[in-house]
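Undergrad: model this:
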Amino acid sequence: MSDEAIQNTLQQLRAELARSERRVADMAAAQEDFLRAVSHDLRAPLRHVTSYGTLVRETLADLPAPVLAGPEVQEALGFLATMDQSARRMGRMIDGLEALAQASRAPLRLQPVLLADALAQARATLAAAEAGRGVEWNIAPDLPTLQADPALLQELLVQLLGNALKFTRGGTRVPCIAVQAVPAMIDADADADADGGNGAEGVDRAAPGAAQGGVAFTLTDNGAGFDNARAAQLFGVFQRLHREAEFDGVGAGLALCRAIAQRHGATITATGAVGAGCTVRVQWPGTSDQ
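TA: Numbers count the residues shown, from 1 in each chain. Got it, this is the predicted structure:
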């Protein structure tokens, strides 16, 4: 290849790189606009709903006692209670969307993180949820070191441990939660499904080659579990496999875990059985010296 041809090729590559950088910048700007809409534009009318619902209840409370006790007013108060409950749920959904947006755009500051230390910190964050529960913990001594952003990894672990604590609540068995190091596996479908879609087993596909090598760990609980045939739904935004009356939440936590895993080129899967608990498996890409 002549020098002139090499120069032309380099110019074409630089032009393509510049176009790619502009596309990335446009996507980042769109994310910023989305975050502003979530944090402000959607919250403002929601505040009006909850505030005016309170004002209506206060107005009704001023009615004479016989009128207030009447079936029509009591029915109206029931409607207001449902409206308030739904508005607060929508507020939590907005919180979930905002957390997803922040996790997707936050700078990724990778450094070695001891998984055991990160788990201890996550447990400390969830101390109130564990208090008085008598949870049996089985934390393996050989947990790996991950190349990760400490803040994002901490959020992922808080979500996973929080789910384990939540779904072991209310049963007749002593709650048991285990975290173990497991052999890393090669996912033959990872490269083919690099667009982040979920497979039949609830797998979140990472970028090409992300599942090659690396380290892996599992988090297992003996809680309520779920129908494994529906595992693919778990990591979708606002997807729930249990009624809200049974377990609180809006279905954004595992979607956040998926987003954080994708940022690191990791994969996350879940398997379970109704009444027999759940196992979440996380495979983390290895460093160059692994």
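Undergrad: Which residue ranges of this structure form helices?
TA: 3-36, 43-61, 65-68, 71-105, 115-125, 127-130, 150-167, 253-263 (DSSP state H).
Undergrad: who touches the third one?
TA: Contacts with helix 65-68, where a contact means C-beta atoms under 8 Å, 6 or more residues apart in numbering, come from 60, 61, 73. From N, CA and C alone the C-beta is placed, and that goes for glycine too.
Undergrad: Please name the residues that touch the last one.
TA: Under the criterion of C-beta under 8 Å, 6+ apart, the contact partners of residue 73 comprise 60, 63, 67.
Undergrad: residue nearest the centroid of this protein?
TA: Note on the chain: the residue nearest the mean C-alpha position is residue 256, at 2.2 Å, using C-alpha atoms, centre = their mean.
Undergrad: List the buried residues in stretch 148-162.
TA: By 16 or more other C-beta atoms under 10 Å, the buried positions in stretch 148-162 come out as 148-150, 152-162.
Undergrad: lowest-pLDDT helix or strand in this structure?
TA: Least confident helix or strand of the chain, by mean pLDDT, DSSP states H and E, is helix 3-36 with a mean of 80.
Undergrad: packing partners for it?
TA: Applying 3 or more C-beta pairs under 8 Å, 6 or more residues apart in numbering; DSSP states H and E, one finds that helix 3-36 contacts helix 71-105.
Undergrad: buried stuff in the helix it packs on?
TA: In helix 71-105, counting by 16+ other C-beta under 10 Å, buried: 80, 87, 90-91, 93-94, 96-104.
Undergrad: got the angle between it and helix 43-61?
TA: Angle, helix 71-105 to helix 43-61, by axes from the mean of the first three to the mean of the last three C-alpha atoms, to 10 degrees: 160 degrees.
Undergrad: you'd agree residue 281 is up against residue 266?
TA: No: at 10.5 Å, residue 281 does not count as touching residue 266 under the criterion of C-beta atoms under 8 Å.
Undergrad: Next up, the contacts around residue 53.
TA: 80, 83, 84, 87.
Undergrad: is it possible to export those to CSV including distance to residue 7?
TA: Listed next are these as CSV, based on distance: C-beta to C-beta, whole Å:
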residue, distance to residue 7
80, 72
83, 67
84, 67
87, 62
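Undergrad: quick check, nearest of these to residue 48?
TA: Distance to residue 48 across the contacts of residue 53 (C-beta to C-beta) is lowest for residue 87, with 9.5 Å.
Undergrad: Tell me which stretches of the stretch 101-250 of the chain form strands.
TA: 111-114, 136-139, 145-148, 176-182, 215-221 (DSSP state E, counting those that start in this stretch).
Undergrad: so which of these gets nearest residue 19?
TA: Minimum separation from residue 19 across the strands of the stretch 101-250 of the chain (C-beta to C-beta) falls at strand 145-148, 30.2 Å.
Undergrad: Mind listing the strands the closest one pairs with, and their directions?
TA: Strand 145-148 has its sheet partners listed here by DSSP bridges as strand 111-114 (antiparallel).
Undergrad: chain center to the partner strand: distance?
TA: In this view, strand 111-114 has its centroid 21 Å away from the chain centroid, taken as C-alpha atoms, centre = their mean, to the nearest Å.
Undergrad: Same check on stretch 70-82?
TA: Mean-position distance between stretch 70-82 and its chain equals 36 Å (C-alpha atoms, centre = their mean).
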